[in-house]
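[1] 3D model of this:
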Amino acid sequence: MNRIQKYDKNAIGSLLLSKKRAKSTQPFFFPIIRIHALILLFSIILSFVSNAQNEEFNLLGKVIDEKTQFPLGGATVQLKGAYHEVIADNDGNFIIKANTKFPLVIVVTYVGYDSKELTVTNAQKLTIGLTENKTRLNEVVVVGYGTQRKSDVTGSIASVNKSLLAQPSASFDNLLQGAVPGVSVTQSSGQPGSTATIRVRGGNSISFGNDPLYVIDGFIVYNNNSYVNTGASNGVGVNALSTINPSDIESIEILKDASATAIYGSRGANGVVIITTRRGKKSGTEINYDIYVGKQSVSKKLDLLNGAQWEALVNDINESDGKPHTFSDSAIIAIGAGSDWQSAALKDATAQNHELSFSGGDEKSRFLISGNYYNQDGIVVNTGFKRYSGRVNYERNISEKLKLAVKNG
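    Model (predicted):
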């Protein structure tokens with residue numbers, strides 16, 4: 001009896017233990033199913049949210065003067081990285097349509113004010129304040145018959161940023177590419193010093209020329225590239241404007257509207273490029289020397305077949321067409337890799353620029369003497385451009401109404 005009781009106690013203990021284990025393992029099954037269900041539900045919600053964000057929506061806002069709180073009608077609002085832009089109305093209000101995800105960046109610009117970039121995280125109405133930039137309105141520009149402040153100019157005049165002119169280049173017209181709105185610059189080839197085509201607001205004539213008129217220090221210059229070509233070859237022409245050192249240029253203004261025709265007549269119908277060279281200043285004598293050395297190389301070569309691979313390819317094509325092989329196995333072995341014409345025609349090239357200038361002046365006289373040596377080798381063998389240039393500018397105030405100026409270069 002004791003054995004049976006003892007056995008029963010052990011059996012009852014094992015049953016209780018099995019029940020405890022069953023109770024301890026059962027709760028882990030249902031939470032796993034619940035977690036998977038929650039993840040599936042959360043992913044569905046995210047997909048709906050992303051689809052909702054990709055739908056087109058209207059972004060409303062108002063552009064005002066940060067100091068006076070007055071609306072700035074005519075301000076330009078643009079989505080950064082996109083071509084879509086709108087103009088604010090007379091009350092400064094704007095509505096721009098967007099179909100991108102938040103956050104997005106908008107750029108607001110207005111004449112005489114600093115541009116502003118704003119990160120938008122929701123579709124609430126915006127109030128954007130711009131800060132006035134009086135320096136830009138007080139800048140002096142050349143208008144063809146004198147100088148005016150930008151705030152007084154009524155015509156369409158574009159000024160080139162002076163930082164661009166400090167960059168070493170074979171010609172200043174290459175620096176205008178993508179820097180001036182409404183002006184298209186296209187190089188005829190990649191050879192250093194090659195000619196460039198400049199169009200101000202597109203072509204205006206079918207049978208006549210479309211090049212703009214160049215005015216350098218008040219003198220009209222025609223950009224006729226045939227004057228600098230010897231005619232001994234039919235290769236790429238040399239740019240006549242490349243004789244001017246970009247560092248000798250003080251400012252470049254481009255007249256783009258009818259005011260150019262009113263000043264220069266029909267010659268200014270394609271626009272006018274006004275170039276003002278550097279002059280001496282009323283200060284002590286200054287001596288400046290600038291040097292620039294760079295290296296050019298081919299960023300990527302074409303992946304082509306070598307000689308043996310090409311002959312094998314020809315044999316494969318002949319075999320697929322049921323024709324006999326053009327090249328024998330011995331011929332393929334004999335030619336080997338053949339010639340690498342890309343490596344033979346292309347090379348690493350150097351570019352160097354040296355400038356030395358003397359400038360100074362007092363209350364009555366000012367002078368500037370500069371010299372430049374520019375040498376740019378092309379990455380193609382037997383191509384390159386070399387320039388030696390010098391410039392002398394001298395001004396003397398003889399009286400209040402008479403000034404003598406000598407410019408050469």
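
[2] show me where pLDDT drops low in the protein?
    Low-confidence segments of the chain, defined by pLDDT under 70: 1-55, 83, 134-156, 204, 207, 223-238, 240, 409.

[3] domains in it, as residue ranges please.
    57-134, 140-277, 286-408 (automatic domain parsing).

[4] With mean neighbour count as extra columns, can I get the ones you listed in JSON lines?
    The C-beta positions use only the backbone N, C-alpha and C, and glycine is treated the same way. Formatted as JSON lines, the domains of the chain follow (neighbours: other Cβ atoms under 10 Å):
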{"stretch": "domain 57-134", "mean neighbour count": "15"}
{"stretch": "domain 140-277", "mean neighbour count": "17"}
{"stretch": "domain 286-408", "mean neighbour count": "13"}
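
[5] tell me, what residue is most central in this protein?
    residue 178 (6.1 Å; Cα atoms, centre = their mean).

[6] residues contacting it?
    Residue 178 is in contact with residue 185, counting by Cβ atoms under 8 Å, 6 or more residues apart in numbering.

[7] Residue 116 too?
    Contacts of residue 116 were listed using Cβ under 8 Å, 6+ apart, and they are 107-109, 128, 130-131.

[8] could you pull out the strands for the stretch 251-400 of the chain?
    For the stretch 251-400 of the chain, strands defined by DSSP state E, counting those that start in this stretch occupy the ranges 272-277, 286-296, 349-361, 365-377, 384-397.

[9] could the ones you listed be laid out in CSV, adding distance to residue 263?
    Shown next, in CSV, are these (distance: least, Cβ to Cβ, whole Å):
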stretch, distance to residue 263
strand 272-277, 8
strand 286-296, 34
strand 349-361, 30
strand 365-377, 27
strand 384-397, 24
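
[10] Nearest to residue 173 among the ones you listed would be which one?
    Of all these, strand 272-277 sits nearest to residue 173, with 8.4 Å by Cβ to Cβ.

[11] hmm, who's touching the closest one?
    So strand 272-277 is contacted by 142, 144, 172, 198, 212-217, 244, 248-255, 260, 263-264, 391, 393, 407, 409 (Cβ under 8 Å, 6+ apart).

[12] Pull up the pairing partners for it, direction included.
    As defined by DSSP bridges, the strand partners of strand 272-277 come to strand 213-216 (parallel), strand 249-255 (antiparallel).

[13] Minimum distance to residue 60: which of these has it?
    strand 249-255 (36.3 Å).

[14] Could you check the angle the closest one makes with strand 365-377?
    Interaxial angle, strand 249-255 versus strand 365-377 (axes from the mean of the first three to the mean of the last three Cα atoms, to 10 degrees): 80 degrees.

[15] Kindly calculate the angle that strand 249-255 makes with strand 384-397.
    Relative orientation of strand 249-255 versus strand 384-397 (the same axes, to 10 degrees): 90 degrees.

[16] can you map out the helices along the chain?
    Ranges of helices in the chain, per DSSP state H, are 2-25, 29-54, 134-138, 162-165, 172-175, 258-264, 307-320, 329-335, 341-345.

[17] Please compute how far the fourth one lies from its chain's middle.
    Relative to the chain's own centre, helix 162-165 is displaced by 14 Å; criterion: Cα atoms, centre = their mean, to the nearest Å.

[18] Return it as PDB; C-alpha atoms alone will do.
    What follows is helix 162-165, C-alpha atoms only, in PDB (Å, rounded to 0.1, in the frame of the first residue of the first chain):
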ATOM      1  CA  LYS A 162      34.000  88.800 -59.800                       C
ATOM      2  CA  SER A 163      34.900  85.600 -58.200                       C
ATOM      3  CA  LEU A 164      34.500  83.800 -61.600                       C
ATOM      4  CA  LEU A 165      37.000  86.200 -63.200                       C
END
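
[19] which other residues reach that helix?
    By Cβ under 8 Å, 6+ apart, helix 162-165 touches 172, 175, 179, 246-247, 249, 251-252.

[20] switch the cut-off to 10 Å
    Applying Cβ atoms under 10 Å, 6 or more residues apart in numbering, the external contacts of helix 162-165 come out as 172, 174-177, 179-180, 245-252, 278.

[21] which two in these are spaced the farthest apart?
    Farthest pair in those, by Cβ to Cβ: 177 and 278, 22.6 Å.

[22] quick revisit: in strands only, show me the contacts of residue 116.
    Using DSSP state E, the subset of the contacts of residue 116 located in strands is 107-109, 128, 130.

[23] just the residues you listed now: which is nearest residue 379?
    Of these, the one sitting nearest to residue 379 (Cβ to Cβ) turns out to be residue 107, at 36.7 Å.

[24] my guess is that closest one contacts residue 120, does it?
    No: Residue 107 is beyond contact range of residue 120, at 11.4 Å (criterion: Cβ atoms under 10 Å).

[25] Give the residues shared as contacts by these two.
    residue 79.

[26] show me what contacts residue 286?
    For residue 286, the contact set (Cβ under 10 Å, 6+ apart) comprises 280, 357-360, 368.

[27] Skip the chain neighbours and tell me the closest residue to residue 288.
    What sits nearest to residue 288 in space, not counting adjacent residues and going by Cβ to Cβ, 6 or more residues apart in numbering, is residue 357, at 4.9 Å.

[28] oh, I was asking about residue 57
    In space, residue 57 is closest to residue 123, 5.6 Å off (Cβ to Cβ, 6+ apart).

[29] again with residue 71
    Per Cβ to Cβ, 6+ apart, closest to residue 71 is residue 92, 2.9 Å.

[30] do residue 364 as well
    residue 397 (4.9 Å).

[31] how close does the residue nearest to residue 325 when sequence neighbours are not counted sit to residue 292?
    Once flanking residues are discounted, residue 325 sits nearest to residue 315: 4.3 Å by Cβ to Cβ, 6+ apart. Going from residue 315 to residue 292 by Cβ to Cβ, to the nearest Å gives 53 Å.

[32] now do residue 101
    Residue 101 is 44 Å from residue 292, by Cβ to Cβ.

[33] ok, now residue 194?
    Counting by Cβ to Cβ - residue 194 and residue 292 are separated by 20 Å.
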